[in-house]
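Engineer: Quick one, structure for this:
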Amino acid sequence: QVQLVESGGGLVQAGESLNLACQFSGRTFRRYTMAWFRQAPGKERSLVGAIKRIVNTTWYAESVKGRFTISRDNAKNMVHLQMNSLKLEDTAVYYCASAETDYLFGAYTYWGQGTQVTVSS
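Structural biologist: Purely as a prediction, here's the structure:
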């Protein structure tokens, strides 16, 4: 059973940065594609960024492209989301997710509990 634990959320001002971390345990990390989703109040959960297993190909939502960077550390079983130039509209609960697949846009099997990111003006 995979367990995912997010950390690094918080309250920041617009224009500032945050680095979210997700600790993976329970299975072989390198076999899993990893992703970050977010859900703002009243909105559906949406994919923010993903990083494919093995080849480390990345994908980003258009709204965060150029500001957010997803990376993985296979030695530490961790995935990070570096968020720069944060905007008010980035406020959401951010979730780490994983799936044993090469397909970035399918159903993710395992989810973390979420970490709150709040951006103020």
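
Engineer: residues in contact with Gln23?
Structural biologist: Leu4, Val5, Ser7, Asn77, Met78 (Cβ atoms under 8 Å, 6 or more residues apart in numbering). All C-beta spots, glycine's among them, are computed from the backbone N, C-alpha and C.

Engineer: Compare these and tell me which has the most neighbours.
Structural biologist: Leu4 (22 neighbours; other Cβ atoms under 10 Å).

Engineer: tell me the pLDDT at the nearest residue to Asp102 once chain neighbours are set aside?
Structural biologist: Using Cβ to Cβ, 6 or more residues apart in numbering and skipping residues adjacent in sequence, the residue nearest Asp102 is Lys52, 6.0 Å away. With respect to pLDDT, Lys52 scores 95.

Engineer: my read: Lys52 touches Thr58, true?
Structural biologist: Yes. Judged on Cβ atoms under 8 Å, Lys52 makes contact with Thr58 at a distance of 7.5 Å.

Engineer: Tell me which of those two has more neighbours.
Structural biologist: Neighbour totals were compared for Lys52 and Thr58, and Lys52 leads with 18 against 15 (other Cβ under 10 Å).

Engineer: For the more buried one, which residues are in contact?
Structural biologist: Thr33, Thr58, Asp102, Leu104.

Engineer: Enumerate the positions of stretch 92-100 that are buried.
Structural biologist: Using 16 or more other Cβ atoms under 10 Å as the test for burial, stretch 92-100 gives Ala92, Val93, Tyr94, Tyr95, Cys96, Ala97, Ser98, Ala99.

Engineer: quick one: contacts of that stretch?
Structural biologist: Residues contacting stretch 92-100 (Cβ under 8 Å, 6+ apart): 2, 4, 6, 9, 20, 22, 24, 27, 31-40, 43, 45, 48, 53, 79, 81, 106-117.

Engineer: Now do Gly42: how many residues are near it, please.
Structural biologist: Quick note: Gly42 (other Cβ under 10 Å) scores 5 neighbours.

Engineer: So what does it look like in phi/psi?
Structural biologist: Main-chain dihedrals, Gly42, degrees, to the nearest 10: phi 80, psi 0.

Engineer: For Val12, give its distance to Val119.
Structural biologist: Remark: distance between Val12 and Val119 (Cβ to Cβ, to the nearest Å) = 6 Å.
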